[in-house]
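Novice: quick check, what structure comes out for this input:
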Amino acid sequence: MDRWGIPEGVVELSAEQVKKRSTHYRFEYTHRSILGKGKGTLKRVVFANSAGFPIEHNFSEYVDRSSIQQIESRKDRRGQSVIEIEYQNSKQKPLIVAYIAGDSLQYVDLKSLDKGMGIGLTSSFTSITSNAFESMFSNSKSEIRRYRLIRDRQGFIIRKLFKKYNGNDDIAACDAKGIYGFDYLLDSIGRPRLVRFIGFEGFNFPNNMGIASKKYNYDEYGNISVIAYLDPAGNPVLNEQRWATYTRKCDENGNIVKGVYLGIDQKVCPLSNGGGIIGKEYDEHGNSITESIFDKDGQLAWGREGVARCVAKYNKQGRIIETANYGTDGNLCFNKKKNPV
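Specialist: Below is the predicted model of the structure:
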């Protein structure tokens, strides 16, 4: 299944892996096919924790994704196939609905289900502290109401164009950064290796921060291992969070144990939230029990909220029930947003 360019659920997980992994996608089907062959009709996609409960995304590259996708296939009045996808948050609140009409799956039309919300994507998915699907679509001034998708022979999306679309017209639209769409260079299983930004004329074009493309690498387990922001010449360029390249290491279960943020010179750079290295530890259920911020020398560093290390406890549903915040000296400290428990 693709998500308009970046695929979901590409690498299948075993039941044992799911139990130890902090996050995963669950695909739910109905109407099993005849003789039990095939999986039937996909009806729901859930982004969940190891206990199976829906959670919000907190990874910047997936900022345009919801926790739950409710899918319905039907015929319109003209007998044309229509796929309707309702995007919900982890509490099952409907946010956005997408309509994909026709067998070619060429157009995606978007409609907000909340009067206070706008619709629009951005070419700068860099909010590393936000679970931002909901906030991303709120207060948006974007005119994007439709995507036009171009696919290769295998059905993978290789180009996505932004459109205004008012029911009759197919007019080009741009995001807040001045970008009109994306080109995708994919690997053999449909994962993006390079995402190029498109200008009004349909060619590679940098956004208003000078970013022209993003490059991805993957580890042996299929997890993203490198994200690099590039200028038109293919050189590293800083994004809104003031880093150019992000490298991360995952354990055998796909849990991120180390993330490193690099500048244009490919050296560790301090972020707006503190140090440039993030370290995580997990329990046997894949819950993140310790998250620490380090500087370029590997020493504990203060984060944006005045915390260097956070320790958490979870219930059986994988929900946080207790947190404790520590400073660089190893002593309990106050979080600027809320007091430690």
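Novice: below-threshold pLDDT in the stretch 51-200 of the chain: ranges please.
Specialist: For the stretch 51-200 of the chain, the stretches flagged by pLDDT under 70 are 63, 113-142, 166-169.
Novice: mind redoing it with 90?
Specialist: Applying pLDDT under 90 to the stretch 51-200 of the chain flags the ranges 57-66, 73-81, 95-96, 100-107, 109-146, 154-155, 164-171, 175-177, 188-190.
Novice: where exactly do the strands run in it?
Specialist: 68-75, 81-88, 94-101, 107-112, 146-151, 157-163, 181-186, 192-198 (DSSP state E, counting those that start in this stretch).
Novice: contacting residues around the last one?
Specialist: With CB atoms under 8 Å, 6 or more residues apart in numbering as the contact definition, strand 192-198 has outside contacts at 5-6, 123, 159, 161, 179-187, 204-207, 211-217. Backbone N, C-alpha and C define where each C-beta goes, glycine included.
Novice: just the buried subset of these, written out for PyMOL, thanks.
Specialist: Selection of buried members from these for PyMOL, criterion 16 or more other CB atoms under 10 Å:
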select buried, resi 5+6+123+159+161+179+180+181+182+183+184+186+205+206+207+211+212+213+214+215+216
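Novice: how close does the residue most central in space within the chain sit to residue 266?
Specialist: Centroid check for the chain by CA atoms, centre = their mean gives residue 62 as the closest residue, at 0.6 Å. To residue 266, residue 62 is 24 Å away according to CB to CB, to the nearest Å.
Novice: identify whichever of the strands of the stretch 51-200 of the chain lies nearest to residue 313.
Specialist: For the strands of the stretch 51-200 of the chain, the distance to residue 313 is smallest for strand 68-75, at 26.0 Å, taking CB to CB.
Novice: report the distance from that closest one to the chain centre.
Specialist: Its chain's C-alpha centre and that of strand 68-75 lie 21 Å apart, by CA atoms, centre = their mean, to the nearest Å.
Novice: can you check stretch 312-330 too?
Specialist: Distance of stretch 312-330 from the chain centroid (CA atoms, centre = their mean) equals 24 Å.
Novice: swap in stretch 80-92?
Specialist: Chain-centre distance of stretch 80-92: 17 Å, with CA atoms, centre = their mean.
Novice: out of the strands of the stretch 51-200 of the chain, which comes closest to residue 310?
Specialist: strand 68-75 (26.8 Å).
Novice: direction included, what does that closest one pair up with?
Specialist: strand 41-48 (antiparallel), strand 81-88 (antiparallel) (DSSP bridges).
Novice: so which of those comes closest to residue 257?
Specialist: strand 41-48 (20.3 Å).
Novice: for the closest one, buried residues please.
Specialist: The neighbour-count check on strand 41-48 (16+ other CB under 10 Å) flags 44, 45, 46, 47, 48 as buried.
Novice: and the residues you listed as JSON lines, adding distance to residue 246 and pLDDT?
Specialist: Output for those, formatted as JSON lines (distance: CB to CB, whole Å; pLDDT from 0 to 100):
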{"residue": "44", "distance to residue 246": "31", "pLDDT": "95"}
{"residue": "45", "distance to residue 246": "25", "pLDDT": "95"}
{"residue": "46", "distance to residue 246": "26", "pLDDT": "96"}
{"residue": "47", "distance to residue 246": "20", "pLDDT": "95"}
{"residue": "48", "distance to residue 246": "24", "pLDDT": "96"}
